[in-house]
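**Q** Show me how the following folds:
(one chain, ligands or ions: 1)
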Amino acid sequence: MIKLGIIGTGGIAQLFVDAAQKSDYFKLTTVYSRHEETGQAFLKENNVSGDIYTDLERFFAEGDFSAVYIASPNSLHFAQAKAAILADKDVIVEKPFVINPTQWQLLYDLHQKHPDYLIFEAARHFHEEAFKAVSETLPSLGKIQGANLTYMKYSSKYDSYLDGKKPNIFTSKFAGGALQDLGVYMIYDAIAWFGKPKEACYHARMLPSGVDKMGTILLTYPDFDVTIHIGKTSNSYLPSEIYGGQETIVMDNAADLHEVKLVGPKAEMVIAKRSAAENPLLQEAQAFGKVLETRDQKARQVAEKWLETSRLVNETLYALRQDSGIVFDDEK
Ligand SMILES: NC(=O)c1ccc[n+]([C@@H]2O[C@H](COP(=O)([O-])OP(=O)(O)OC[C@H]3O[C@@H](n4cnc5c(N)ncnc54)[C@H](OP(=O)(O)O)[C@@H]3O)[C@@H](O)[C@H]2O)c1
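**A** Next comes the predicted model:
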């Protein structure tokens, strides 16, 4: 069993710990929280007796764990992942890995100096069977004509923002906004399925807090375009589509794939299905657990390939931010 430490005790950490323990690879042993009581409540909720640290240095120096899952606000990922690598831990960083290519390269260079340990970006849908089913079906479409991908979900924290509070995900201080949140999934889609675009443009609609609430992305490839709609202040029920000639791949939600179909003029076929009851982080927890437990050359090559996708995603997200003029507090 891989002993797991976690940073951050929000809803996603709860979901990941549940997935990690269900995967049978991980056992939660250690929690870092800014407050003892929050750490206690987290352990209780997960029915685990473990250690709690409220000091990050002590967490890394004394904590009894070999892998850490970082589920803190986006702008904290870089410093916390850096501390984790320096402490010789395997690291799972929630998406977005870090906020710009400079941070990405610094982490990667540091990781290279600690080659026994592994580092992953937790882009959950990228590790799902349904995601792979899309990749495997793409060649049957022939020449790709384009794609329309949509992910718009009214944030559970938007009402609080409207009430004048400052939820992290709607602040520039914590590198929030629609692109850094829901946009990450869509850019993973584009990079994994079509490669790095020639050009990346983002028409962002901004909030007074300095982050984007929604927007339209245009990714240009040599022979086709990919249009992406993202938003955190409205709900969309549109499916996403990838166009071949006669045939189209139709996804119920390109960031949360429950049903993927190949649809033609005369017939349609379901190519992947995921139960709504399954923990959405289970398949990534299984993927990371398998690599961490195996640790052989083949497993390391798999992790390296995932990192290469993470790098291209990070570069593309940054290009989109530059195009729309979104600058985070840490970058000013
Ligand atoms: N994969 C997915 O499906 C998914 C879904 C949601 C979010 N995420 C990612 O998960 C990460 C966390 O998202 P979230 O919505 O859970 O964020 P959040 O609620 O803003 O914060 C997460 C946790 O970080 C700690 N924290 C909050 N504010 C902090 C501050 N000012 N300084 C230091 N620590 C702070 C808190 O834990 P303590 O109080 O215990 O310190 C909090 O529970 C983000 O990177 C996000 O993109 C992924």
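**Q** got a list of what the residue in the stretch 151-300 of the chain positioned nearest to the ligand touches?
**A** Distances between the stretch 151-300 of the chain and the ligand by CB to the nearest ligand atom are smallest at residue 168, namely 3.5 Å. The way it works is simple: take the backbone N, C-alpha and C, and place the C-beta from them, glycine included. Residues in contact with residue 168 (CB atoms under 8 Å, 6 or more residues apart in numbering) are 73, 74, 174, 176.
**Q** Among these, which ones are in strands?
**A** Cross-referencing these with the strands (criterion: DSSP state E) gives no overlap at all.
**Q** Compare these and tell me which is most surrounded.
**A** For the contacts of residue 168, the largest number of neighbours (other CB atoms under 10 Å) sits with residue 176, at 28 neighbours.
**Q** residues contacting it?
**A** Residue 176 makes contact with 73, 74, 167, 168, 169, 170, 211, according to CB under 8 Å, 6+ apart.
**Q** Over to residue 213?
**A** With contacts taken as CB under 8 Å, 6+ apart, residue 213 has the following neighbours: 170, 177, 178, 205, 206, 207, 231, 232, 233.
**Q** I'd like those laid out as TSV, including neighbour count.
**A** Formatted as TSV, the contacts of residue 213 follow (neighbours: other CB atoms under 10 Å):
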residue	neighbour count
170	27
177	30
178	28
205	13
206	16
207	21
231	22
232	27
233	18
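**Q** now these as CSV including distance to the ligand and secondary structure?
**A** As requested, the contacts of residue 213 are exported to CSV (distance: CB to the nearest ligand atom, whole Å; DSSP: H, G, I helix; E, B strand; the rest coil):
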residue, distance to the ligand, secondary structure
170, 10, helix
177, 11, coil
178, 11, coil
205, 20, strand
206, 19, strand
207, 16, coil
231, 16, strand
232, 11, coil
233, 16, coil
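**Q** Can you tell me the SS state at residue 160?
**A** Look at residue 160: counting by DSSP: H, G, I helix; E, B strand; the rest coil, its state is helix.
**Q** Can you report how many residues lie near it?
**A** The tally of other residues near residue 160 (other CB under 10 Å) stands at 13.
**Q** Give me the secondary structure label for residue 140.
**A** Using three-state DSSP, the structure places residue 140 in helix.
**Q** The closest residue to residue 183 other than its chain neighbours: helix or strand, and which one exactly?
**A** Leaving out its chain neighbours, the residue that sits closest to residue 183 by CB to CB, 6 or more residues apart in numbering is residue 230, at 4.8 Å. Using DSSP states H and E, the element containing residue 230 is strand 225-231.
**Q** strands paired with the helix or strand just after that strand, and their directions?
**A** Sequence-wise, the next helix or strand beyond strand 225-231 is strand 240-243, with elements assigned using DSSP H and E. For strand 240-243, sheet partners with direction are given as strand 146-152 (antiparallel), strand 248-251 (antiparallel), following DSSP bridges.
**Q** Check which element follows the shortest one along the chain.
**A** If I follow you right, that is strand 248-251. Stepping forward along the backbone from strand 248-251, the first helix or strand reached (DSSP H and E) is strand 259-263.
**Q** so how far is that next one off the chain centroid?
**A** A distance of 23 Å separates the centroid of the chain from that of strand 259-263, by CA atoms, centre = their mean, to the nearest Å.
**Q** Could you list the residues in contact with it?
**A** Counting by CB under 8 Å, 6+ apart, residues outside strand 259-263 touching it are 130, 133-134, 137, 140, 247-252, 268-274.
**Q** Show the buried residues in the residues you listed.
**A** Applying a neighbour-count criterion of 16 or more other CB atoms under 10 Å, the buried members of the contacts of strand 259-263 are 130, 133-134, 137, 247-252, 271-272, 274.
**Q** Which two of those have the greatest separation?
**A** Set against one another by CB to CB, the buried ones among the contacts of strand 259-263 have their most distant pair in 247 and 274, with a gap of 21.8 Å.
**Q** Counting neighbours, what do you get for residue 136?
**A** For residue 136, the neighbour count with other CB under 10 Å is 11.
**Q** gap between it and the ligand?
**A** Distance, residue 136 to the ligand, by CB to the nearest ligand atom, to the nearest Å: 23 Å.
**Q** before we move on, what SS does the residue sitting furthest away from the middle of the chain have?
**A** Ranked by distance from the centre of the chain (CA atoms, centre = their mean), the top residue is residue 266, with 36.3 Å. Remark: residue 266 carries the secondary structure label coil [criterion: three-state DSSP].
**Q** pLDDT score for it?
**A** With respect to pLDDT, residue 266 scores 94.
**Q** interface residues of this protein facing the ligand?
**A** Applying CB under 6 Å from any ligand atom, one finds that the chain approaches the ligand through 8-12, 33-35, 38, 71-74, 76, 94-95, 122, 124, 168-169, 181.
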